[in-house]
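1. Requesting a structural model of the entry that follows:
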Amino acid sequence: MSLEVKKLAVSVGDKEIFSNLSLEVKPGEVHAIMGPNGSGKSTLANAIAGHPKYTITSGKILVDGEQVQNLSPDKRAQRGVFLSMQYVPEIPGVSVTNFLRTAKAAITGEKQHPIEFHKYLVKKMEILGLDKKFARRALNVGFSGGEKKKLEALQLSVLDPKYALLDETDSGLDVDALKSVCDGINAFMNKHKGILIITHYNRILEYLKPDVVHIMIDGRIVQSGGAELAVQIEKNGYEAII
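-> Residues are numbered from 1 along each chain as shown. Here you go, the predicted structure:
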């Protein structure tokens, strides 16, 4: 039981981003990936989730032993993979409630009763300190950076995947918003869940407590260690490792 990447090679167009990359996140574990811009961190997350821009040229992606690298993004989501994207689109005319209810139905294969789903959604929103009016707003339209990240945490809580890929969830958050988002992520996490978080900063890891920190540079994981590795990077930068 795990989310596993085996000797993965990924390209965008004619450019290979990385090759022979392996990583495993087991249930109950929080893994963090840190590294300079352009090192391939977001590419890895998007490739696992099935973004069509990224072509897997070799290797495997396994979810609890099942190969998913040839499955569409929605099929991967049904297997339990969730991606919190770095840049999220605005969708006028689609409310947060309708979006989440439709997504929940698509992943579970079960129709969501509007009234019962609303009660369920409100309970999830309370964990993040979100006002009930938030559910009626158009998806990401006019949202602040903090509100977009809180919506991502709300999606994580509502969709309840097995493995969460969080791409720079801490980007642009002030201290209060960061704590709120991390509270939501920690409420989601348990011994049956796995998290792979991509970040540039140690501050979010002070809330999420990673089991393993990986340093990715030029498409390679050059070092892995405990939470102290993130502290070291923040203090000394990546030059100490390169």
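2. The chain: helices as residue ranges?
-> In the chain, the segments counted as helices under DSSP state H are 41-49, 73-78, 96-108, 114-128, 145-159, 175-188, 205-208, 227-236.
3. Show the average pLDDT along the shortest one.
-> Confidence over helix 205-208, taken as the mean pLDDT, stands at 92.
4. Quick one: distance of it to the chain centre.
-> 15 Å (C-alpha atoms, centre = their mean, to the nearest Å).
5. Give me the residues contacting it.
-> Residues outside helix 205-208 that contact it (C-beta atoms under 8 Å, 6 or more residues apart in numbering) are 30, 32, 178-179, 182, 185-186, 189, 195, 197, 199, 213, 227, 230. Placement of C-beta: from N, CA and C, glycine included.
6. Show me the two of those that sit farthest apart.
-> The largest separation in the contacts of helix 205-208, counting by C-beta to C-beta, is between Lys179 and Val213 at 20.6 Å.
7. Comparing those two, which residue is more hemmed in?
-> Val213 (25 against 14; other C-beta atoms under 10 Å).
8. Pretty sure that one sits against Ile221.
-> No: between Val213 and Ile221 there is no contact under C-beta atoms under 8 Å: 10.5 Å.
9. which residues are common contacts for those two?
-> Ile33.
10. ok, back up a step: please identify the most buried of the helices of the chain.
-> Highest mean neighbour count of the helices of the chain: helix 41-49, a mean of 24 (counted as mean count of other C-beta atoms under 10 Å).
11. What residues sit buried inside stretch 84-96?
-> 84-86, 95-96 (16 or more other C-beta atoms under 10 Å).
12. Now do that stretch: distance to the chain's middle.
-> 15 Å.
13. What mean pLDDT does it get?
-> Mean pLDDT, stretch 84-96: 85.
14. And the contacts of that stretch?
-> Contact with stretch 84-96 is made by 42, 99, 134-141, 143, 148, 151-156, 164-169, 171, as judged by C-beta under 8 Å, 6+ apart.
15. One more: stretch 99-108?
-> Stretch 99-108 is contacted by residues 74, 77-78, 91, 111-112, 114, 117, 121, 139, 154-155, 158-159, 161 when judged by C-beta under 8 Å, 6+ apart.
16. what stretches of this protein score poorly on pLDDT?
-> 86, 240, 242 (pLDDT under 70).
17. so who does the residue located most distally from the centre of it touch?
-> Residue farthest from the centre of the chain, counting by C-alpha atoms, centre = their mean, is Ile115 at 28.4 Å. Under the criterion of C-beta under 8 Å, 6+ apart, Ile115 has no neighbours.
18. Can you give me the distance of it to Lys162?
-> Here Ile115 is placed at a distance of 28 Å from Lys162 (C-beta to C-beta, to the nearest Å).
19. Quick one: residues contacting the residue nearest to His192 when sequence neighbours are not counted.
-> For His192, ignoring the flanking residues on the chain, the nearest one in space by C-beta to C-beta, 6 or more residues apart in numbering is Pro27 at 5.2 Å. The contact partners of Pro27, by C-beta under 8 Å, 6+ apart, come to 1-2, 162, 191-194.
20. Generate the PyMOL command that creates a selection of the buried members of those.
-> The command below creates a PyMOL selection of those among the contacts of Pro27 that count as buried (16+ other C-beta under 10 Å):
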select buried, resi 2+162+193+194
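21. CSV for the contacts of Pro27, including distance to Gln67?
-> Listed next are those as CSV, based on distance: C-beta to C-beta, whole Å:
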residue, distance to Gln67
Met1, 15
Ser2, 13
Lys162, 16
Lys191, 25
His192, 21
Lys193, 21
Gly194, 17
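22. Since that was my last question, I'll sign off now.
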